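In: Take a look and give me a structure for this.
(one chain, ligands or ions: 2)
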Amino acid sequence: MKLMILSRKGSLYSTRRLRESAKLSGLDCRVVDPLACSILVEAGGARIFKGGTDLKSVDAVIPRVGVYAARHGIALIRAFNDLGIPTLNPWHAIECAKDKLACLQALARAGLPVPTTVITRSPKDIPRALDAIGGAPAILKLVRGTQGTGVMVADSPQAVRSTTDALWSLGEDVLLQRFITESRGRDLRVLVIGGTAVAAMRRHACEGEFRSNIHRGGVGEAVTLSRALERLAVQAARVVGLEVAGVDLLESNDGPLVLEVNSSPGFQGLEEATGIDIAGAIVEHAVKAVGERKKLCVSGPSR
Ligand code: ADP
Ligand code: MG
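Out: Ligands and ions are numbered 1, 2, ... in the order given. Presented below is the predicted three-dimensional model:
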């Protein structure tokens, strides 16, 4: 089986671990930079090139698409899906997960608990928005952002107004979100693979920081989730359509909330905190996806 990992750098921890696991499983595995790939769109389909090579003879793709050049990355994954090549995750799920607002809308539509959030472009509506989210301090978020960048806290209505003005003038959309103060600096990261919560940790932010991302200096501690939290994380991944998902949950006084769902979750912190072989589990799921697709091709789709 030929596996391709789409990643900017083979030396990144999660990419390196995925490649090691694939090799251990006896797979033919290559790391390819998405920005080195071109897509040819023509009537009847697409072709994908890297230099002079046509990349059609691959059985499965594990994309690791960051915020940088996400549009190109998603187009590439769409092209692989157009060619019938399974990708972990499918393009439409990645597109949804990369947009924090679309993701929250999908979760809310499915009835899952999310922090109250407002999107507005109207300065006049800021007081009403603040009322809806419980006032200041409030969280402001860029629609696209990861590893804690683009997540801010505004301590007063004035800070909310000046920050939104500044971001709007730069052409950015900004979300106003209730600050779940009781879980300040703490959240749960759950890794869901193929509908199962395979690992979870509680992340604690470093001193003076409200964001618990490992990239912002947060520290992870392994936790055993309740069945209810497991179910919530699995439902969140399913609603967005992700086979592999890093689900962030906040523990609020009114119960757990789904903060966001990540489509290319880094798993260094989670492997270190839990000792669980996440890379192996992702590769195993890719092998399963290819097997299922082959079975479907032999038997034909059910009617
Ligand atoms: P990113 O994609 O950058 O990880 P998140 O929405 O997950 O963005 O936010 C980053 C971190 O900021 C979270 O892990 C959490 O610790 C903190 N945070 C974000 N939103 C809230 C909120 N509404 N209330 C409390 N803490 C929050
Ligand atoms: Mg997050």
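In: Can you tell me which residues in the stretch 201-303 of the chain are near ligand 1?
Out: The stretch 201-303 of the chain has residues Phe210, Arg211, Ser212, Asn213, Asp248, Leu250, Leu259, Glu260 near ligand 1, with proximity defined as CB under 6 Å from any ligand atom. (C-beta placed from N, C-alpha, C; glycine too.)
In: In strands only, show me the residues you listed.
Out: Asp248, Leu250, Leu259, Glu260 (DSSP state E).
In: Was I right to think the second one contacts Arg189?
Out: No - in this structure Leu250 lies outside contact range of Arg189 using CB atoms under 8 Å: 11.1 Å.
In: who has more neighbours, those two?
Out: Neighbours were counted for Leu250 and for Arg189 using other CB atoms under 10 Å; Arg189 has more, 27 against 22.
In: Doesn't the more buried one lie inside a helix?
Out: No - under DSSP: H, G, I helix; E, B strand; the rest coil, Arg189 falls outside any helix and is assigned strand.
In: shouldn't it be in contact with Val247?
Out: Yes - Arg189 lies in contact with Val247 (CB under 8 Å); the separation is 7.4 Å.
In: Identify all contacting residues around the helix or strand hosting Arg128.
Out: Here Arg128 sits within helix 126-132, counting by DSSP states H and E. For helix 126-132, the external contacting residues (CB atoms under 8 Å, 6 or more residues apart in numbering) are Thr116, Val118, Thr120, Ala136, Ala138, Pro157, Val160, Arg161, Thr164, Leu176.
In: tell me the contacts of the second one?
Out: Taking CB under 8 Å, 6+ apart as the definition of contact, the neighbours of Val118 are Asp125, Ala129, Ala132, Ile133, Leu175, Leu176, Gln177.
In: how does it look with 7 Å?
Out: Contacts for Val118 (CB atoms under 7 Å, 6 or more residues apart in numbering) come out as Ala129, Ala132, Ile133, Leu176.
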